[in-house]
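Asks: mind folding the following:
(one chain, ligands or ions: 2)
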Amino acid sequence: MAYKVLVLKGDGIGPEVVGEALQVLKVVARRDAVDLEFKEGSIGGHAIDAFGTPLPDNTLAAARDCDAILLGAVGGPKWDDPKATVRPEQALLGLRKELGLFANLRPVKTVKELVPSSPLRPEIIAGVDMVVIRELTGGIYYGKPSERREGKDGREAVDTCAYTEQEISRVLRYGFELARDRRKKLTSVDKANVLSTSRLWREIATELSKEFPDVKCEHQLVDSMAMHLIRRPRDFDVVVTENMFGDILTDEASVLAGSMGLLPSASLGEEMNSAGYRVGLYEPIHGSAPDIAGRDEANPLAAILSAAMLLEHSLGMRGEAELITQAVEGVVRDGFRTRDLGAGAGAKMVGCKAMGRLVRERIESLNGEN
Ligand code: IPM
Ligand code: MG
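Replies: Ligands and ions are numbered 1, 2, ... in the order given. Alright, predicted model coming up:
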């Protein structure tokens, strides 16, 4: 039976990086005789232009009917008018909510060879290995009311941050379970000194921690966490936080890895797919980078690593995911760099396509060794 993968390339560099990731998936599928069936859908600015909506009904229907989704990026200056009522980003928020993808996993690991090109000191970032789990379907991103209005003193706007006990506990539980499989440390991040939602978050994290006595649970306020993340990033293993804090902290954390162009993500819900694993949406954490779109300059590694996460989390193919990760590390170790990774001494500069090809060749050669 074929597993259905929905491919949403999106805007800007999305089509280029997903194109490479897709070819990597095909190489791995051929090697393991896994039947993957790819279907493409329109999303984001591309879909606004073609259908007048960022998330067309047939894209959503295809998303509900597949085993996993691979997504590039959405957005661009063409659709950036703050007054516009349809925006590409609505597609992402809609997909996450409609599919119930509440746990967004963003692993951050330093690659030794890239440490010298980081703006941070090598002794601080060497050996960083954490997973940030961002709650993805609640909080201020979705709370109602969220609107512009006329107040008695002129223009006003309001957004609402709301969380239920169930929304908080399921994502924290996912975090505790993951921590159990890793270094057994969980950092719960909130703003409990100011926000009611955060006080509920902390209360539930404390209660849940009793079910996981083998996991060391600590609480951090988000502002000081922003500082600890760059001061002592090695101390963190699993970090769990609410939607908006997770959005901000993961951009910060991407600097630890060397470039946003390296960081993949997985968004998982409770629903199981035909492979018996979680349905998931896999995407690089970087945006659509319209300034370099179509120039073969983008870094496809985050998209390729997202494809690896897809194999692991939605199809249970851990070995294959590891093979892709090793291939990516090998190519970086050999000195190949896209522009975002910096041109250090001995760097061999390559474009998006060449980087993708190098990873595939590496997979074939690692394959020979297995
Ligand atoms: C992310 C992005 C999105 C978010 C935007 C594009 C809506 O920044 O996935 O981190 O804020 O969730
Ligand atoms: Mg973000």
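
Asks: now the helices for the chain?
Replies: Under the criterion DSSP state H, helices of the chain are mapped to 14-32, 45-51, 57-64, 89-98, 122-125, 165-181, 196-209, 222-231, 243-257, 301-315, 318-333, 352-369.

Asks: buried ones in the shortest one?
Replies: Translated: helix 122-125. By 16 or more other Cβ atoms under 10 Å, the buried positions in helix 122-125 come out as 124-125. From N, CA and C alone the C-beta is placed, and that goes for glycine too.

Asks: right, and residue 234 touches residue 120 too?
Replies: No - judged on Cβ atoms under 8 Å, residue 234 makes no contact with residue 120 at a distance of 11.6 Å.

Asks: which one of the helices of the chain is the most hemmed in?
Replies: Burial of the helices of the chain is given as mean neighbour count (mean count of other Cβ atoms under 10 Å); helix 301-315 ranks first at a mean of 26.

Asks: ok now that one, how far from the chain's centre?
Replies: Here helix 301-315 is found 10 Å from its chain centre; the criterion is Cα atoms, centre = their mean, to the nearest Å.

Asks: how big is the angle separating it from helix 352-369?
Replies: Relative orientation of helix 301-315 versus helix 352-369 (axes from the mean of the first three to the mean of the last three Cα atoms, to 10 degrees): 50 degrees.

Asks: what packs against helix 301-315?
Replies: Where contact means 3 or more Cβ pairs under 8 Å, 6 or more residues apart in numbering; DSSP states H and E, helix 301-315 is packed against helix 14-32, strand 68-73, strand 264-272, strand 278-284, helix 318-333, helix 352-369.

Asks: any idea which of these scores lowest on pLDDT?
Replies: Of all the helices and strands packed on helix 301-315, the minimum mean pLDDT falls on helix 352-369 (a mean of 91).

Asks: dump the helices and strands packed on helix 301-315 to TSV, plus distance to residue 154.
Replies: Shown next, in TSV, are the helices and strands packed on helix 301-315 (distance: least, Cβ to Cβ, whole Å):
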stretch	distance to residue 154
helix 14-32	39
strand 68-73	36
strand 264-272	39
strand 278-284	39
helix 318-333	52
helix 352-369	47
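
Asks: relative to residue 235, how far out is the residue of the stretch 201-350 of the chain found nearest ligand 1?
Replies: Closest to ligand 1 within the stretch 201-350 of the chain is residue 247: 4.5 Å, counting by Cβ to the nearest ligand atom. Applying Cβ to Cβ, to the nearest Å, the value for residue 247 to residue 235 is 22 Å.

Asks: quick check: phi and psi on the closest residue in space to residue 67 that isn't next to it in sequence?
Replies: In space, and not counting its chain neighbours, residue 67 is closest to residue 273: 4.0 Å by Cβ to Cβ, 6 or more residues apart in numbering. Dihedral angles of residue 273 (phi, psi; degrees, to the nearest 10) stand at phi -100, psi -170.

Asks: residues contacting the residue at minimal distance from the centre of the chain?
Replies: The structure's the chain has its C-alpha centroid closest to residue 265; by Cα atoms, centre = their mean the separation is 2.3 Å. Residue 265 is in contact with 104-106, 282-285, 306, 309, counting by Cβ atoms under 8 Å, 6 or more residues apart in numbering.

Asks: give me that answer again for 6 Å
Replies: Shown in contact with residue 265 (Cβ atoms under 6 Å, 6 or more residues apart in numbering): 106, 283, 285.

Asks: ok, residue 243 next?
Replies: If you count contacts by Cβ under 6 Å, 6+ apart, then residue 243 has 135, 139, 141 around it.

Asks: what does residue 168 give?
Replies: Neighbours of residue 168 in contact, by Cβ under 6 Å, 6+ apart: 201, 204.

Asks: mind checking how far it is from residue 225?
Replies: 17 Å.

Asks: residue 360 now?
Replies: From residue 360 to residue 225 the distance is 38 Å (Cβ to Cβ).
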